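[1] Predicted model follows, preceded by the sequence.
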Amino acid sequence: MASPLIRTIQTACLGFGDVLKKRPDVKFVLVPFAQEIANQPCDIGYPQAELKQKIAAWLDQENLGFGVERLDWSLVEEGWNSKAGPYAASLEAVSGRAAALRATLYACPSEAVILVTHGAFLHFFTGDWASFDGSKGTGYENCEFRKFTWETEDGQGIHLKEVGGAKIKMGRPPGVYAHVLEGIEQVEGQNPRHIKVGNGKI
């Protein structure tokens with residue numbers, strides 16, 4: 001699965017090209033709910049027809065051994081890139097689509113799922129900010145991968161748990177992402193770039 005922004009599609013194709021070429025049984029689904037949180041130009045995707053055209057041209061150029069038809073475009077609906085409704089740049093919308101995507105993956109019959117998505121969205125998706133670094137806007141590096149499993153947390157339902165990650169999950173620090181999302185509390189005098197929660201080794 002991948003967010004339908006060009007950079008995540010390219011990362012998935014390059015990172016898992018051999019599997020996508022040799023294993024037609026492995027699905028490659030584009031998932032708009034996994035797009036990045038903000039409505040900045042770099043986080044707004046293209047309508048499906050235009051995106052498909054751009055990815056087709058890129059795949060032809062890269063010669064990875066498969067074409068644009070290898071991707072499942074069925075979830076890339078009209079308006080997925082509108083930053084409105086469930087895709088809005090608001091705390092409510094981002095939290096809602098993160099929860100919906102978790103529920104979808106939990107119900108997925110596959111033994112394992114690879115999700116190529118974005119650093120800021122991952123904090124909402126995993127519900128953990130233990131490694132958050134405000135200077136980067138995330139606790140994740142480019143192309144970093146982490147492994148997660150499901151666990152029951154204090155009788156409060158099923159949650160994602162990072163394998164080998166922080167022993168204690170940390171919630172969103174006050175004010176984080178207030179500069180890009182509506183509905184987040186403002187913290188007077190706080191520079192979001194100076195927020196550092198931990199190093200993920202708690």
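    Nice, I can see it.

[2] contacting residues for the residue nearest to the spatial centre of the chain?
    The residue lying closest to the centre of the chain (CA atoms, centre = their mean) is residue 117, at 3.1 Å. The contact partners of residue 117, by CB atoms under 8 Å, 6 or more residues apart in numbering, come to 2-3, 8, 34-36, 125. From N, CA and C alone the C-beta is placed, and that goes for glycine too.

[3] Out of the residues you listed, flag the one nearest to residue 144.
    When those are compared for distance to residue 144 (CB to CB), residue 8 wins out at 13.2 Å.

[4] so how many other residues sit close to the closest one?
    The tally of other residues near residue 8 (other CB atoms under 10 Å) stands at 22.

[5] wait, is it part of a strand?
    No. Going by DSSP: H, G, I helix; E, B strand; the rest coil, the assignment for residue 8 is helix, not a strand.

[6] was I right about it contacting residue 115?
    No. The pair residue 8 and residue 115 fails to qualify as a contact (CB atoms under 8 Å) at a distance of 9.4 Å.

[7] shared neighbours of those two, which are they?
    Contact criterion CB under 8 Å, 6+ apart; residues bridging residue 8 and residue 115 by contacting each: 2, 34.

[8] how about the strands of this structure, start to end?
    Using DSSP state E, the strands assigned to the chain run over residues 148-152, 158-162.

[9] And the last one, what's buried?
    Which is strand 158-162. By neighbour count on 16 or more other CB atoms under 10 Å, the buried set for strand 158-162 is 159-162.

[10] could you dump these to JSON lines with distance to residue 107 and pLDDT?
    Below are these laid out as JSON lines (distance: CB to CB, whole Å; pLDDT from 0 to 100):
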{"residue": "159", "distance to residue 107": "15", "pLDDT": "87"}
{"residue": "160", "distance to residue 107": "14", "pLDDT": "91"}
{"residue": "161", "distance to residue 107": "18", "pLDDT": "90"}
{"residue": "162", "distance to residue 107": "21", "pLDDT": "92"}
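
[11] quick one: the residue nearest to residue 196 when sequence neighbours are not counted and residue 157, what's the gap?
    Once flanking residues are discounted, residue 196 sits nearest to residue 133: 5.2 Å by CB to CB, 6 or more residues apart in numbering. Residue 133 sits 28 Å away from residue 157, going by CB to CB, to the nearest Å.

[12] for residue 90, same thing?
    Residue 90 sits 23 Å away from residue 157, going by CB to CB.
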